[in-house]
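**Q** Need the 3D shape of this:
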Amino acid sequence: MAMTEQLHEFNARVRKINDPKNISYYDPDLQMHVPKRVSKQQIIKAKAKRIGFVALICSVGVGAVAFLFTQLMSTRFGLVGTDAPMIVYASAAILALIIGGFLKMKTVPHMGAQFAGIGGMIAGVHNLVWLFPDAFRTLYSEEYVAAVQATTNAGSLFIFGTTITL
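**A** Purely as a prediction, here's the structure:
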């Protein structure tokens with residue numbers, strides 16, 4: 001007898017679930033009716049989140065700051081020799097990804113902007129040395145500023161061994 005009652009209760013619940021008029025169920029935790037089916041347009045609309053232009057510019061800044069910091073650490077403390085710049089570039093990339101992760105800039109466009117910031121600083125950081133020599137003397141060293149000013153021109157970009165004057 002108890003088995004028959006349980007079977008009837010189960011079948012009643014299945015009929016209620018399969019009823020085409022039943023389009024939602026009550027969730028006691030949320031204390032609201034939740035729809036059983038959601039349209040594809042609503043799902044696609046919810047997924048498409050745009051990345052703002054300001055966030056990408058901030059990501060470029062994160063990459064630039066990461067490069068300046070790793071270059072400072074290698075120049076000031078001699079962690080990496082001047083004959084191995086790729087280690088500085090790689091550590092700048094890793095640092096940019098870590099900082100970007102803390103700032104919730106984890107998407108592929110954010111990471112690409114961070115790498116673009118690192119690339120921009122690789123090509124043009126010497127212009128900052130020309131603009132602010134006293135600050136770089138204080139932070140980096142007198143020898144670093146003298147070497148940069150001896151080997152580069154102000155207002156130029158150094159890309160793949162080629163100097164482009166702007």
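**Q** From here on, just use CA atoms for contacts and neighbour counts.
**A** Fine.
**Q** Tell me which stretches of the chain form strands.
**A** 24-27, 32-35, 156-159, 162-165 (DSSP state E).
**Q** Just give me the neighbour total for the closest residue to residue 99 other than its chain neighbours.
**A** Spatial nearest neighbour of residue 99, excluding adjacent residues (C-alpha to C-alpha, 6 or more residues apart in numbering): residue 62 at 7.2 Å. Applying other C-alpha atoms under 10 Å, we find 28 residues neighbouring residue 62.
**Q** out of the strands of the chain, deepest packed?
**A** Highest mean neighbour count of the strands of the chain: strand 156-159, a mean of 17 (counted as mean count of other C-alpha atoms under 10 Å).
**Q** mind giving me TSV with the strands of the chain and columns for distance to residue 121?
**A** Shown next, in TSV, are those (distance: least, C-alpha to C-alpha, whole Å):
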stretch	distance to residue 121
strand 24-27	54
strand 32-35	51
strand 156-159	10
strand 162-165	14
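**Q** Mind checking those for the one nearest to residue 15?
**A** strand 24-27 (13.6 Å; C-alpha to C-alpha).
**Q** which residues are in contact with that closest one?
**A** Residues outside strand 24-27 that contact it (C-alpha atoms under 8 Å, 6 or more residues apart in numbering) are 32-37.
**Q** returning to what we had before: and the residue nearest to residue 99, how far from residue 113?
**A** From residue 62 over to residue 113 the distance is 9 Å, taken as C-alpha to C-alpha, to the nearest Å.
**Q** what about dumping the CA coordinates of stretch 25-40 to PDB?
**A** Provided in PDB are the C-alpha atoms of stretch 25-40 (Å, rounded to 0.1, in the frame of the first residue of the first chain):
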ATOM      1  CA  TYR A  25       9.100  26.300 -10.600                       C
ATOM      2  CA  TYR A  26       9.200  27.900  -7.100                       C
ATOM      3  CA  ASP A  27      12.700  28.000  -5.500                       C
ATOM      4  CA  PRO A  28      12.300  28.300  -1.700                       C
ATOM      5  CA  ASP A  29      15.900  29.600  -1.300                       C
ATOM      6  CA  LEU A  30      15.400  32.500  -3.800                       C
ATOM      7  CA  GLN A  31      11.700  32.800  -2.800                       C
ATOM      8  CA  MET A  32      10.700  33.400  -6.400                       C
ATOM      9  CA  HIS A  33       9.500  31.500  -9.400                       C
ATOM     10  CA  VAL A  34      12.300  30.600 -11.700                       C
ATOM     11  CA  PRO A  35      11.600  29.900 -15.400                       C
ATOM     12  CA  LYS A  36      12.200  26.400 -16.600                       C
ATOM     13  CA  ARG A  37      13.300  27.400 -20.100                       C
ATOM     14  CA  VAL A  38      15.300  30.500 -21.200                       C
ATOM     15  CA  SER A  39      15.400  31.600 -24.800                       C
ATOM     16  CA  LYS A  40      18.600  31.500 -26.700                       C
END
